[in-house]
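Asks: Got a sequence here, can you model it:
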Amino acid sequence: MAKSLPVTLPTAEDIIASTARLSALEKVTTVATQHDLPYLDIESLPDGVELPTVEEILATPRQRVSTDTGAPIYRVGKHFAVKYGSCDELGFHISFHEGENMLFVQESTNIPIPKLYAMFHDEETGLNFIVQEFIPGHQLGEIWNGLDRAQRQAIALQIRRNMDELRSIPSPGYYGGIRRQPIRDCHFITDRVSHRPHPDKAISGPHETEEEWTEAMLRYLDTDIVNTRPTERQAIPYADAYRKVFNGHNGSVFTHSHLYGRNLILREDGTVVIVNWQNAGWYPTYWEYCCSRIGDRPRLPHHGWEAWVDEMLDAHIAEHDLLLHHMTFIDI
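Replies: Next up is the predicted model:
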């Protein structure tokens, strides 16, 4: 029996109704465009609400609203969640890549994500700011154990609907960030603090083929072990296994890359909102499934999330097992 929770959560019927509303929306047919900076979307603000100033953002007590790794995101007032930080080598590196991903998804799909209100660089502080909608609700990773099977099934089906739409965006053919930017997935970056793309272009890409993506994984693995743990080099998995398992799929698909409990917010109306798009890009078809099953393993080992991922995405068991083995050799 599911453990009772001291909060009111949407029923399975609420979640199913929300999924039906999403499915009834007219399919998006517009092509996402590139936006100039600074980006401001004043028209999408709630009535009577103004964007917070830099001074107001910096003066707000730091109430972190995300437990994901990387740069923290803070609640500012009632309506906003703000990510801000350095654009140099010090501290958390805030790239506008995340905001660009959000705009791309907003303009290409009906998938529920936070509205992006602004992204800009402030010359006086030297900081980059991404101002987005604050999503009230519950992180799935915090409530999953308290949900009954019907609620979990309804959530899984809604996420499946949204992932099918995300993956149906026509692919540009390459593997990397949007508009041919480098890969920012955690398996290819230099470290988890700065979250910068790897300086070696043979690793960070973008790559023209899935075979190049696989070779980049091997190069990253070899470089990381040689530089940090040379005595373990003989333990590197056979490259032939990587080439056999990770190659031969059907092109790239747009991928969130961190699709797990702490990046999924269940609203009171039964809608699951997907947050934290900093790692997204055009990645292999198996990547979302593997990362979704692996991602929350250390944090939520007993909540049964892994089994439900099979309801949300097509399974890639061999790729998952090899990527899990791969992660034991790299420091992420």
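
Asks: how about the CA coordinates for stretch 54-61, as PDB?
Replies: This file holds the C-alpha atoms of stretch 54-61, laid out as PDB (Å, rounded to 0.1, in the frame of the first residue of the first chain):
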ATOM      1  CA  VAL A  54      18.900  42.500 -11.000                       C
ATOM      2  CA  GLU A  55      19.000  44.200  -7.600                       C
ATOM      3  CA  GLU A  56      15.800  42.500  -6.600                       C
ATOM      4  CA  ILE A  57      17.100  39.100  -7.700                       C
ATOM      5  CA  LEU A  58      20.400  39.500  -5.900                       C
ATOM      6  CA  ALA A  59      18.700  40.800  -2.700                       C
ATOM      7  CA  THR A  60      16.300  37.800  -2.500                       C
ATOM      8  CA  PRO A  61      17.200  35.200   0.100                       C
END
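
Asks: residues of that stretch that come out buried?
Replies: By 16 or more other C-beta atoms under 10 Å, the buried positions in stretch 54-61 come out as 57-58. Every C-beta, even on glycine, is put in place using the N, C-alpha and C of the backbone.

Asks: do stretch 240-255 as well
Replies: For stretch 240-255, by 16+ other C-beta under 10 Å, it's 242, 245-246, 252-255.

Asks: out of the residues you listed, which are inside strands?
Replies: Counted as lying in strands by DSSP state E, out of the buried residues of stretch 240-255, are 252-255.

Asks: Going by residue numbers, what spans are helices in the stretch 201-332 of the chain?
Replies: Using DSSP state H, counting those that start in this stretch, the helices found in the stretch 201-332 of the chain span residues 201-204, 210-228, 239-246, 287-295, 305-312, 317-327.

Asks: now, of these, which is deepest in the fold?
Replies: Of all the helices of the stretch 201-332 of the chain, helix 287-295 has the most neighbours on average by mean count of other C-beta atoms under 10 Å, namely a mean of 24.

Asks: Show me what that helix is packed up against.
Replies: If contacts are counted by 3 or more C-beta pairs under 8 Å, 6 or more residues apart in numbering; DSSP states H and E, helix 287-295 sits against strand 252-255, helix 305-312, helix 317-327.

Asks: To Leu103, which of those lies closest?
Replies: strand 252-255 (13.0 Å; C-beta to C-beta).

Asks: list the helices and strands that closest one packs on?
Replies: helix 97-108, helix 149-167, strand 281-284, helix 287-295.

Asks: State the mean pLDDT of it.
Replies: Here strand 252-255 scores 98 as its mean pLDDT.

Asks: Okay, now the sheet partners of that strand, with direction.
Replies: With DSSP bridges as the test, strand 252-255 is paired with strand 281-284 (antiparallel).

Asks: now the stretch 101-250 of the chain, which segments are flagged as low pLDDT?
Replies: By pLDDT under 70, the low-scoring segments of the stretch 101-250 of the chain are 191-195, 224-237.

Asks: for the residue lying closest to Glu165 once chain neighbours are set aside, what are its contacts?
Replies: Counting by C-beta to C-beta, 6 or more residues apart in numbering, Glu165 lies nearest to Thr109, which is 5.0 Å off, once chain neighbours are set aside. Residues counted as contacts of Thr109 (C-beta atoms under 8 Å, 6 or more residues apart in numbering) are 28, 162, 165-166, 169.

Asks: Format the helices of the stretch 201-332 of the chain as CSV; extra columns: distance to Ile274.
Replies: Listed next are the helices of the stretch 201-332 of the chain as CSV, based on distance: least, C-beta to C-beta, whole Å:
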stretch, distance to Ile274
helix 201-204, 24
helix 210-228, 23
helix 239-246, 25
helix 287-295, 11
helix 305-312, 11
helix 317-327, 21
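
Asks: what about Gly173, how many neighbours?
Replies: 10 (other C-beta atoms under 10 Å).

Asks: element containing it?
Replies: Element membership for Gly173, per DSSP states H and E: none, as it lies in no helix or strand.
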